[in-house]
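[1] Following is a predicted model, sequence given first.
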Amino acid sequence: MPPAAPAPRPTGPALELLVHGVGGTTPQDMLVDPRTVRITGDTTAAIYRRAADTDAEQHPERYRDKPIAEAYCWSNLTSGNGSRALWLLLLPFMVINLAHWMRPVARRRPRATRIYGVLVRLIALSLTVLLTAAACEVALDLTAWQCAGVAACSDQRSWLGFLAAEQGGWWSQPGRRLALAAVVPAALVGLLWFLSNRTWSAYESQRPLTGAHADDEDGTDTVPVPDLVRPALGRPGFWYGRRLVARLRAAHTAAGFLTVTASVTEAAARHDRAAGGPVAPYLGRLIEVALAAGLIVVLWVVCRRGRSERRLDNRLDRALITWLPGAALTLLVLAAVHAAWSRPGWTSSGTLPGDTTFRVVTLAQGILIVALAAVSLDLYRRCPERRTVLRGLGGPAVAMLACALGGVMTGGIAQRVADWLDGPGSPGMGRSAFIAGPPVLLSWQASVIPVLLALLLVPGAVLGVRTWLTARRLEPVIDAEYGEPCPDPSRTRRIARIRATAALTDSAPRMLGLVSGATLLLGAAAVAGAWATDEVPGRALDGSGPFLESVAEAAQSTGSWLIGFGFLVFVACGRRAYRDESARRTIGILWDVGTFWPRAAHPFAPPCYAERAVPDLASRMAGWTGRTRGRLVISGHSQGSVLAAAAVWQLPARTRRRVALLTYGSPLERLYGRWFPAYFGPEQLHGLHRSVHCWRNLWRATDPIGGPVRLGLESGPEVDRGPLEDPLVYGRTPEHPLPEPVLGHSDYQADPVFAEERAALLERLVPVLPQQPEPVREDFRAVPGGPPGTAE
């Protein structure tokens, strides 16, 4: 028999494109070289090389045994300048946007999917109304209506002198005080519009990769290579939400202005109908009718179809995005003029008549979350996936968390301002209090916070005990793995403790479910208590016995203190992040995780950095492979592995023949596959494995974020390699004279396995034989709703 033909040697240059994870890093650290050069990009996101590698393609003989290394740095997309500190204000908006993408897998259920998206967008709209109502509560109710109308309060605040009722000045009438104070919440809405429009221009308006690129420049690739699987993240318009964000921004801006208009108008309209003063009552009714019409238009815009992903939608609803916010602002100006009209004898007392806004918004949020849970359960029941968190209830649980965050932030602001204005008194308690205080619902919501924390002590203790027991069980396993003849008990315990703690990530869904469920029930109890008694808890339980009275007062005071403390911590973090770049980068980790997804639910959420990063990576891979005919390994760590996978999905099929995927510390299945099953579920990951030329995933048992992708051999060669040894050696050896650290989620490249697997991927990349065309199959299970050609 003739001798076996030798394996073909790799030809052409090879490139390793490194993508960092959360927290960011410098190109010097990624490339392990202090001298780096920016190859392409700008100061926000760019690709770097070592200075010695800038002309690497012209000298292939230097890189026969190693690839050319490039580093893509995207950390400034989430932690760039000091204005990023303002994003802390948008935290509830970011969380509700995550809930949009957490829906269960839907197979041929476009109507249920559409309903899911509409419900999430309505909850997002309620958060905008809630934040604006909180600003109205502070500026209009507590300051202009209550404090300025009471001499004991306004006398202690010299800056309120020109508004004080006892001064008798032009601004002393309640309607004029309200009209002037409305500037504060209107300015807040304007600031949100400005931030959203600014980030929209920098992120959503950047067009992604289009066309097949120059894969056939030399005419060698003549065999068509179709896509085997086309998931949602691979569609041309997925990372281009320009039209939807613009439309939602107009609706939310209008909703904010309409909320301020309602706060200004209601008191004046009620006075005109009751007193029969110089202002005709029908003017107030006309403004209220216009308010109702504006609300209907806003709801219609929000409930319209969502995202268009199958094509690049360059259209803009210019009339809508221009006239809707403009009309709402015009109505606010007319309402301010109407309220400022002279009404002799009108005085302010008690609270502003619009305090029912908080009750209505909170009740609506609860109803919407229950409806969202029902839709999620129905979707999961029709298509169950074992690894999906909370049996499909991850989205409703996160939506509940967003509402809770919004309630805590708004309640904290109102409580702190009321305590500051009232001096030594306790608002709502009637004990030496100058003002009536904020709506009683906010006090009830504050009172349930200590109860919620007490309820969480039990599962927290159970989780701690279980982690300790797990660590004890792992100790003999670790000794057996390393085969140390004389193991060090303290060293073994430390490794076991780190492994057991890393496994806590898999318990997070249950804890979130408990928190969300308890929050929903306690929030319902707070609404019922506020509506039934119309008193703060400390007074509502008067006469019920000394024990219950003391418990109610303790819960109210403790909850108010906790909200105030949380608010101060929130402000301190924002202030430090504004001044300190390192603190801004630390807080940026939150945005790295939370702003990967496009703004499909809330336009005021922090922008989606992937709408810039994914096209950057896809364009670089397609352009380099098309120009050089070389091999490429895209190497992603942590969140960078998610960006790498999304970018590979965007590549033309021919380009993927020369691309290998290397992921390490990757949350693709452990976090994204479980929390976002419609986009990173088993079907999508199997499709990624089949469509890319080769893929290898490295993971450690000590890593709290990364894990295996759990793909069997049915879709191709095995992907996972792990768990890797961590630490590399147990004790001191001649090669490692000092104790090796437990690396956990970091420094995967320090493991020799990394270089070994990278070299193996490059070896497998060439030669690529022409393949017979296979039928194209679209993955409709990842479609977020709507008829063909549309998606939520």
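    Yep, that arrived. All figures in this text were calculated on a predicted structure; none of them were measured in a lab.
[2] Tell me which stretches of the stretch 101-250 of the chain form helices.
    Along the stretch 101-250 of the chain, the segments classed as helices by DSSP state H, counting those that start in this stretch run 110-136, 151-154, 174-181, 183-199, 242-275.
[3] Can you tell me which of those has the worst average pLDDT?
    In terms of mean pLDDT, the lowest-scoring of those is helix 151-154 (a mean of 78).
[4] tell me what it is packed against?
    With contacts defined as 3 or more Cβ pairs under 8 Å, 6 or more residues apart in numbering; DSSP states H and E, helix 151-154 has no helix or strand neighbours. (C-beta placed from N, C-alpha, C; glycine too.)
[5] CA atoms of it as CSV?
    Coordinates of each C-alpha in helix 151-154 appear next as CSV, following Å, rounded to 0.1, in the frame of the first residue of the first chain:
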residue,chain,number,x,y,z
ALA,A,151,-45.1,79.6,57.5
ALA,A,152,-43.3,77.3,60.1
CYS,A,153,-41.6,75.5,57.2
SER,A,154,-40.9,78.3,54.8
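[6] Can you give me the buried ones in it?
    153, 154 (16 or more other Cβ atoms under 10 Å).
[7] And the contacts of it?
    146-148, 160-161, 163-166, 421-423, 434-435 (Cβ atoms under 8 Å, 6 or more residues apart in numbering).
[8] ok, 10 Å please
    With contact meaning Cβ atoms under 10 Å, 6 or more residues apart in numbering, helix 151-154 is reached by 142-143, 146-148, 160-167, 172, 421-423, 425, 432-435.
[9] just stretch 311-322 next, same as before
    By Cβ under 10 Å, 6+ apart, the surrounding residues in contact with stretch 311-322 are 197, 205, 207-208, 210, 235-237, 239-251, 253-254, 297, 301, 304, 307-308, 323-324, 789-790.
[10] ChimeraX command for the buried members of those?
    ChimeraX command restricting those to the buried ones, with burial defined by 16+ other Cβ under 10 Å:
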select :197,205,208,235,236,237,239,240,241,242,243,244,245,246,247,248,249,250,251,253,254,297,301,307,308,324,790
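[11] nearest residue to the residue most central in space within the chain other than its sequence neighbours?
    Central residue of the chain (Cα atoms, centre = their mean): residue 594, 3.1 Å from the mean position. Take residue 594 and drop its neighbours on the chain: the residue closest to it by Cβ to Cβ, 6 or more residues apart in numbering is residue 94, 4.6 Å away.
[12] other SSEs contacting the longest helix belonging to the chain?
    In the chain, taking DSSP state H as the definition, the longest helix is helix 440-482. Where contact means 3 or more Cβ pairs under 10 Å, 6 or more residues apart in numbering; DSSP states H and E, helix 440-482 is packed against helix 356-382, helix 394-422, helix 489-502, helix 508-533, helix 537-540, helix 546-579.
[13] quick one: buried residues of the longest one?
    Applying a neighbour-count criterion of 16+ other Cβ under 10 Å, the buried positions in helix 546-579 are 549, 551-553, 555-560, 562-564, 567, 570, 574, 577-578.
[14] swap in the second one?
    Of the residues in helix 394-422, those scored as buried under the neighbour-count criterion (16+ other Cβ under 10 Å) are 394-419, 421-422.
[15] Restricted to buried residues, select the contacts of helix 151-154 in PyMOL.
    Buried members of the contacts of helix 151-154, defined by 16+ other Cβ under 10 Å, are picked up in PyMOL with:
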select buried, resi 142+143+146+147+148+160+163+164+165+172+421+422+425+433+434+435
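[16] and stretch 484-496, C-alpha only, in CSV?
    The C-alpha trace of stretch 484-496 is given here as CSV (Å, rounded to 0.1, in the frame of the first residue of the first chain):
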residue,chain,number,x,y,z
GLU,A,484,-0.3,15.2,47.0
PRO,A,485,1.3,12.6,49.5
CYS,A,486,1.2,15.1,52.4
PRO,A,487,-1.6,17.6,51.7
ASP,A,488,-1.8,20.9,53.5
PRO,A,489,-5.2,21.1,55.2
SER,A,490,-5.4,24.9,55.0
ARG,A,491,-4.4,24.9,51.3
THR,A,492,-7.1,22.2,50.6
ARG,A,493,-9.7,24.1,52.5
ARG,A,494,-9.0,27.3,50.6
ILE,A,495,-9.3,25.6,47.2
ALA,A,496,-12.5,23.8,48.3
